[in-house]
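Undergrad: fold the following, please.
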Amino acid sequence: MLHPVSAQGTKLWGGTMRVAFYQDPININGILKTWNPVTYIHGLTLNRLVTMREGYVMKGDLAKSWSFSDDKKSITFNLRNDVWWSDGVKFTSADVKWHYLMLMNGSSVARPGMVGFVGADTPDDYTVTFRFNMTKNHFNLLLPFGLYANGADQAIMPKHSFRWGTTFNFTDNPANVYMPVTGPFRIADYLSGQSMTFVRNPLYGVKSYVDPTQGDVHHPPYLDKLIYQFITSTTASMSALESGQIDMVQEGQNAVPPTDIPRVSKLPGITLAGTPYFTTYRITFNFRPETVQKYPWIRDQRVRSAFSYAIDRSSIIKNVLGNVTEPVYGPIAPLMKDWYNPNITKYEFNPSKANALLDEAGYKKDSSGVRFTTPWAIYASAVVMAEAMKSMLADVGIVVQLVPIDDTTFYAKYETGPQGLAEYPIALQTFGAGPLPNNIDGWTSNTRFSPGGQNDGFYNSTQVTRLEQLAGQTDDLSKIRDYYNQVQEIIAKEQPYVFLWEFWKINVWRSEFQGIKESSTPAPAWYGHNMVEAWWTKGTPGPALTTQTTTQAAATTGPDLGTIAAIGIVILVVLVGAVFMVRKKSTRQNKKA
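TA: Sure thing, here's the model as predicted:
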C-alpha cells in the first residue's frame, strides 16, 4: 500500500513549480463548470464556507462559525472579517448571498442540497442566513456549503466582478478566468488548451487570514509561481517528469498508471505518494424506461448480481491497479469507518454462480457461448480496467462493447445531462460517498434524477429514499447510522450498481520540491493541493515577500470588470483631453491666420 508523506526540512522561499495537469479547466467559475478539474484549481484559488480537516472533522473556511435555528429550517454563518479578495476588495456576506442565488439558477452538484431553499438574509457584512421551507438535520443544512466532495460550485466567487448580474455578463466574463481570489494563488496567465500560470495572491497571509480570533491563520505560499501544463496522457506526463520538463504530475484521475507504480517509486530524485479517497468505482445500470425497454435484462436483479459475481476485483487490483486499493461491494467505502456497514450482502467473485443466475433468468448461451451483447459507456481514462472486466464478463457469456467517452464529455452529457446515461444500459463511473453518508443521496435518491441531481441511472427505490429522508430529519447519530446501514444493505442486495473498488489518488514529483501535501481537507479530489506548504530546496532563506513586491503583485492582478471599466474611463478622459487640446490649438492657429 502507498502512504501519505510529510514535508521535511527547513523551508525556503521562491521558485517555480511546473505541474502536469490532466485537463484544461477552461475557466474557474464553479457554477458554470462544476467538474473536477475546476475543483482542483479551487484548491489554489478559492474557498468555501466550511471544509474538513484531517480525520474528516468539519471546520470553518470562510465562515468562522455557524448555528442552526430551533425549527431546523435555517442555518446562519458568521463570516471571517479578515479576508480580502486579491484585488483589495473586502469579502462580505453579499458575496456569499449572490453566489448561492446564482447557483440556484442552473444545474450543479450542490443545488440538490439546496432543496427547499426560500431565501438568504444578510443583516450585516459578516452574517448570512439561508432559509428553507422544510426541516433538515444539521448535516443536510451544512452539506451544500462546502461538504460536497466534487462540487466546484461551492467555492465562493466575488460579486463585484459580476456586478451587472446579467446572464451574458456571468457566462462571458473575463473574471471567469482572471478572477479575484481568496486563496493562496491567483491566475496570471491562461493559454487555452496549453497552460494556466499562477502567482501568489499578494494579500494571502499578509492581510487575509491573519487574525487568530477569526479562525486558522495562514502564511503566504513559499513558491513564487506555479505553471499548470495541460497534459491529458499519463504516459506523456511521466515522460515529461522523468526528462525534467515538469516537476510534478498531479493526481487528476491517475497521475501514474497503476501498473507503473513499482518502477516509478524506485526512480532516483522522484517522490511518489498516494492518498486513499472515499470515492468508489462502480458499474451503473440505467433504469430509464426507454433504455429498459430496449435492454429488459436491466430490471432483473439476478442478471445484475451476475455482473458482480463475474468480476474478480482482487485480480484486477493486483494486476491492473498496482495493488493500491481495496474491493468494495456497497455504496459507502470501508474507508468511511464511522458509516460503513461491514455486514452488507457481497456478491464476490464466483463465475459458477454468475452462470447459474443468468441461466435461471432465461439468458442461455448460444452456440458461440454468448448470452447477450451490450454497449458499455466508460470514461476514456478507465479503458485498461474496463478491458480486464470485459474479458471476465465474456467468460460468463456477457459480451460488452466498450464505448470510451472523453471524461469531460461524459460528465457534461451523461452525468449531469437531462437524459442521464441516455441510450447506454450500463456505464463505468466514479461518485463520492463521503465524508458524510448523505453524500450518496445525490445519486441514489429518486428525488435526485438527472439533471436536478446525479442519479443518472434513474435508480428508483421508495424505501431507500424514505430512509435517507428520515436520516435527514434527525440529529441522533445512532439513528442516522442505522438508517444508512439499511440503505447500504438494500442497495448492495438489489445491485442497481456493481461496486468495484475504492479510489486512490497518486501524486509524483521531483524530490527537489518538498512540502507537497494535500490541502487542509484530507480528500484530494476535493480541493487538490493548495500548494501553500510546497517549497523548493534551491530557494532562498527567509520570507521573499516585501511591501514592494506585495504592492507590485496587487497591481498586476488579472483583469476583472471593475479594473477594465476604470482603465476605460482613464483612456476616455485622456482621449477627450487630447481632442480638446487639438481643437484649442487649431482655434489659436485660425485666429493667428
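Undergrad: low-confidence bits of the stretch 151-300 of the chain, can you list those?
TA: For the stretch 151-300 of the chain, applying pLDDT under 70 flags the ranges 164-168, 252-254, 276.
Undergrad: may I see the buried residues of stretch 248-268?
TA: 248-258, 260-261, 264-265 (16 or more other Cβ atoms under 10 Å). Using the backbone N, CA and C atoms, a C-beta is placed for each residue, glycine as well.
Undergrad: kindly indicate which of those residues lies nearest Thr409.
TA: Gln253 (14.2 Å; Cβ to Cβ).
Undergrad: C-alpha coordinates for stretch 290-305, CSV please?
TA: Written as CSV, here are the backbone C-alpha positions of stretch 290-305 (Å, rounded to 0.1, in the frame of the first residue of the first chain):
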residue,chain,number,x,y,z
GLU,A,290,-36.7,3.8,-22.8
THR,A,291,-33.4,2.0,-22.1
VAL,A,292,-35.0,-0.8,-20.1
GLN,A,293,-37.5,-1.4,-22.9
LYS,A,294,-34.5,-2.0,-25.3
TYR,A,295,-32.4,-3.9,-22.7
PRO,A,296,-35.0,-5.7,-20.5
TRP,A,297,-32.3,-7.6,-18.6
ILE,A,298,-31.5,-4.4,-16.7
ARG,A,299,-34.6,-4.9,-14.5
ASP,A,300,-33.6,-8.4,-13.4
GLN,A,301,-31.7,-8.5,-10.1
ARG,A,302,-30.3,-11.9,-11.0
VAL,A,303,-28.6,-10.5,-14.1
ARG,A,304,-27.2,-7.5,-12.2
SER,A,305,-25.9,-9.8,-9.5
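Undergrad: how far is it from where the chain is centred?
TA: Taking Cα atoms, centre = their mean, to the nearest Å, one finds the center of stretch 290-305 at 31 Å from the center of the full chain.
Undergrad: okay, and which of the buried residues of stretch 248-268 map to strands?
TA: Met248, Val249 (DSSP state E).
Undergrad: out of the buried residues of stretch 248-268, who's nearest Ile311?
TA: Nearest to Ile311 among these, with distances taken as Cβ to Cβ, is Pro258, at 16.7 Å.
Undergrad: quick check, that closest one in contact with Val320.
TA: Yes: proximity of Pro258 to Val320 meets the contact threshold set by Cβ atoms under 8 Å, at 6.4 Å.
Undergrad: which stretches of the stretch 51-200 of the chain form strands?
TA: Residue ranges of the strands in the stretch 51-200 of the chain, as given by DSSP state E, counting those that start in this stretch, are 57-60, 63-68, 74-79, 117-124, 127-132, 185-191, 195-200.
Undergrad: which strands or helices does the second one pack on?
TA: Under the contact criterion of 3 or more Cβ pairs under 8 Å, 6 or more residues apart in numbering; DSSP states H and E, strand 63-68 touches strand 74-79, helix 138-142.
Undergrad: what about 7 Å?
TA: Other helices and strands packing on strand 63-68, by 3 or more Cβ pairs under 7 Å, 6 or more residues apart in numbering; DSSP states H and E, are strand 74-79.
Undergrad: tell me the strands beside the strand it packs on, with direction?
TA: strand 63-68 (antiparallel), strand 127-132 (antiparallel) (DSSP bridges).
Undergrad: mind listing what's buried in the first one?
TA: Just to be clear, that refers to strand 63-68. Neighbour counts over strand 63-68 (16+ other Cβ under 10 Å) mark Ala63, Lys64, Trp66, Phe68 as buried.
Undergrad: how much space is there between the third one and Leu141?
TA: Just to be clear, that refers to Trp66. Here the criterion is Cβ to Cβ, to the nearest Å. By it, Trp66 lies 9 Å from Leu141.
Undergrad: returning to that earlier point: how about CSV for the strands paired with strand 74-79, with distance to Pro375 added?
TA: Shown next, in CSV, are the strands paired with strand 74-79 (distance: least, Cβ to Cβ, whole Å):
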stretch, distance to Pro375
strand 63-68, 46
strand 127-132, 41
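Undergrad: of these, which is nearest Asn47?
TA: Across those, Asn47 has its closest neighbour in strand 63-68 (9.6 Å, Cβ to Cβ).
Undergrad: contacts for the closest one?
TA: Leu49, Val50, Ile75, Thr76, Phe77, Asn78, Leu79, Arg80, His138, Leu141, Gln214, Gly215 (Cβ atoms under 7 Å, 6 or more residues apart in numbering).
Undergrad: and that strand, C-alpha only, in PDB?
TA: Listed next in PDB are the C-alpha coordinates belonging to strand 63-68 (Å, rounded to 0.1, in the frame of the first residue of the first chain):
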ATOM      1  CA  ALA A  63     -17.100  31.000   7.900                       C
ATOM      2  CA  LYS A  64     -15.700  31.200  11.400                       C
ATOM      3  CA  SER A  65     -18.800  29.600  13.000                       C
ATOM      4  CA  TRP A  66     -22.400  28.600  12.200                       C
ATOM      5  CA  SER A  67     -25.600  27.900  14.000                       C
ATOM      6  CA  PHE A  68     -29.000  26.300  13.400                       C
END
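Undergrad: run the chain-centre distance for it.
TA: For strand 63-68, the distance to the chain centre is 23 Å (Cα atoms, centre = their mean).
Undergrad: same question for stretch 352-372.
TA: Centre-to-centre, stretch 352-372 and its host chain are 40 Å apart (Cα atoms, centre = their mean).
Undergrad: what's the span of it, first residue to last?
TA: Stretch 352-372 has an end-to-end distance of 17 Å (criterion: Cα to Cα, to the nearest Å).
Undergrad: and the contacts of that stretch?
TA: Trp297, Asp300, Arg302, Val303, Ser305, Ala306, Tyr309, Ala310, Val396, Gly397, Ile398, Val399.
Undergrad: and the host helix or strand of Thr275, what other elements does it pack with?
TA: Using DSSP states H and E, Thr275 maps to strand 270-285. Strand 270-285 sits against helix 261-264, strand 426-431, strand 497-510, helix 524-527, with contacts defined as 3+ Cβ pairs under 7 Å, 6+ apart.
Undergrad: next structured bit after the last one?
TA: The one in question is helix 524-527. Counting by DSSP H and E, the next helix or strand C-terminal to helix 524-527 is strand 535-536.
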